[in-house]
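Visitor: Return atomic coordinates for the entry below.
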Amino acid sequence: MGRGKIEIRRIENSTNRQVTFSKRRGGLLKKAHELAVLCDAQLGLIIFSSSGKMFEYSSPPSNMRQIIERYQKTSGVRIQEYDNQQIFTEMTRMKRETDKLQANMRRHTGEDLNDLRYDDLEQLELQLENSVNKVRARKAIHYTLISQLTASKLWHLDMLAYDWIDHLLQNQLLQQQLDNLRRKEQILEQQHNYLCRYLEQQASMEEHHRPQSLLLEPKLSLSGEEQSAVATATGGATTFDHVAMQPYYPAYQVDQGCSSSSRHNSRSSLEFSSLLHHQLHPYRLQPTQPNLQEVVTADQLQHHGLQLCWLARSN
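Guide: Next up, the predicted model:
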């Protein structure tokens, strides 16, 4: 009875996988040797195991290097060689950086100060003073803790005392992290203000390029006194071409400066005031809310998320 067909997939058991690798590697090397001897073929075989070990075989009398060179000549593929000049340049750069770091270390220890100018010496002095202040502050904290332990007769230096000291140091670290979070919050707030201004500019551009089909065609018919009052409010514009209804976006009014600049940048739009709301009876809104079927004022429209404006054209 013959052997069953083996499923070609990775063997999960590491021991069985290593045994199978050894057996099949030996069989592959044997087949390669038979092919080279029987058929007078020149071949090279390189095997890497899963653990990183390399096994190779080359048909005598040639070696693996000769076989690889012949392969490169035949296929036209060249293995990339390292540029000695590039390596030398990189080593020179790394040497300069190493020398610079060593010189800085010697300057901080006061060993090599001859080639420093007055400004460099002053800067080095400030750096050393800051380092000394930090060391003294840390030393003062430990001295205070030790003094408190000595005064209260708790000089035991056991694990509890060490844990208490570590807890205080961790509190300082948390305070530093809190300061970093506050700085990040300021940065995010600046980004939020920038996005708010950007959205206001986009809304202004969309309002400027709004299609004329969105405007209502009927014109207002005002009396002489009403035209005089409107002309006084609009600075001389007495002819009203269109009445438009604009949606009110509360999301854009996060920043008061953004909403005020958007209203001042609209050159041809005026908000309805309470003085002229009784003149708009011929153009009543027909919303879905039953409580808006009556006369609508500017304050009521703003309460329901709408804002009316008229476009004035100067004579």
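Visitor: Tell me which residues of the host helix or strand of G26 come out buried.
Guide: G26 is part of helix 14-39 when elements are defined by DSSP states H and E. Neighbour counts over helix 14-39 (16 or more other CB atoms under 10 Å) mark F21, A32, A36 as buried. For the C-beta atoms, the positions are set from N, CA and C on the backbone; glycine is no exception.
Visitor: could you redo these as a markdown table and give each row pLDDT and distance to R93?
Guide: Formatted as a markdown table, the buried residues of helix 14-39 follow (pLDDT from 0 to 100; distance: CB to CB, whole Å):
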| residue | pLDDT | distance to R93 |
| --- | --- | --- |
| F21 | 93 | 44 |
| A32 | 92 | 47 |
| A36 | 91 | 49 |
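Visitor: Can you tell me which of the residues you listed comes closest to Q172?
Guide: F21 (56.3 Å; CB to CB).
Visitor: Could you check what's spatially nearest to the closest one, not counting adjacent residues?
Guide: S49 (6.2 Å; CB to CB, 6 or more residues apart in numbering).
Visitor: The one you found contacts R24, correct?
Guide: No: using CB atoms under 8 Å, S49 is not in contact with R24; the gap is 11.3 Å.
Visitor: And the pLDDT at S274?
Guide: With respect to pLDDT, S274 scores 42.
Visitor: before we move on, what about R17?
Guide: 91.
Visitor: my guess is it meets S50, correct?
Guide: Yes: R17 is within contact range of S50, at 7.3 Å (criterion: CB under 8 Å).
Visitor: Distance-wise, check the residue nearest to F21 relative to R65.
Guide: According to CB to CB, to the nearest Å, S49 stands 22 Å off from R65.
Visitor: Neighbour count for those two, which is higher?
Guide: More crowded of S49 and R65, by other CB atoms under 10 Å: S49, with 13 against 10.
Visitor: From E90, how far off is that one?
Guide: Distance of S49 to E90, computed by CB to CB: 34 Å.
Visitor: Can you check which helix is longest in the protein?
Guide: helix 159-208 (DSSP state H).
Visitor: Packing partners of that helix?
Guide: Helix 159-208 is packed against helix 118-151, helix 256-265, with contacts defined by 3 or more CB pairs under 8 Å, 6 or more residues apart in numbering; DSSP states H and E.
Visitor: how about a cut-off of 10 Å?
Guide: If contacts are counted by 3 or more CB pairs under 10 Å, 6 or more residues apart in numbering; DSSP states H and E, helix 159-208 sits against helix 118-151, strand 239-247, helix 256-265.
Visitor: Can you name the next helix or strand after the helix holding G26?
Guide: strand 44-48.
Visitor: Go through that next one and flag the buried ones.
Guide: So, applying 16+ other CB under 10 Å, buried residues of strand 44-48: G44, L45.
Visitor: Begin at 21, not 1, for the rest of this chat.
Guide: Taking 21 as the first residue, the last one we looked at is strand 64-68.
Visitor: got the contact list for it?
Guide: 41, 44-45, 48-49, 51-53, 55-56, 73-79, 82-88, 90-91 (CB atoms under 10 Å, 6 or more residues apart in numbering).
Visitor: For this structure, give me the ranges with low pLDDT.
Guide: 21-23, 97-103, 171-181, 230-335 (pLDDT under 70).
Visitor: I'd like the domain boundaries of it, if you could list them.
Guide: 34-101, 107-135 (the TED database).
Visitor: okay if I get the ones you listed as CSV plus distance to L169?
Guide: Formatted as CSV, the domains of the chain follow (distance: least, CB to CB, whole Å):
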stretch, distance to L169
domain 34-101, 55
domain 107-135, 34
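Visitor: Pull up the overlap in contacts between R37 and S70.
Guide: Counting by CB under 10 Å, 6+ apart, the residues touching both R37 and S70 are R30.
Visitor: what about the closest residue to D132 other than its chain neighbours, how many neighbours?
Guide: Nearest non-adjacent residue to D132, counting by CB to CB, 6+ apart: R126, 4.0 Å away. Using other CB under 10 Å, R126 has 12 other residues around it.
Visitor: what's the angle from the strand or helix carrying R126 to helix 138-171?
Guide: Element membership for R126, per DSSP H and E: helix 104-128. Calculated by axes from the mean of the first three to the mean of the last three CA atoms, to 10 degrees, helix 104-128 forms an angle of 60 degrees with helix 138-171.
Visitor: Now do E117 against N213, distance only.
Guide: 42 Å.
Visitor: These two: which is more packed in?
Guide: Shown here are E117 and N213; by other CB under 10 Å, N213 has more neighbours (14 against 10).
Visitor: Tell me how far the more buried one lies from C59.
Guide: Distance from N213 to C59, by CB to CB: 80 Å.
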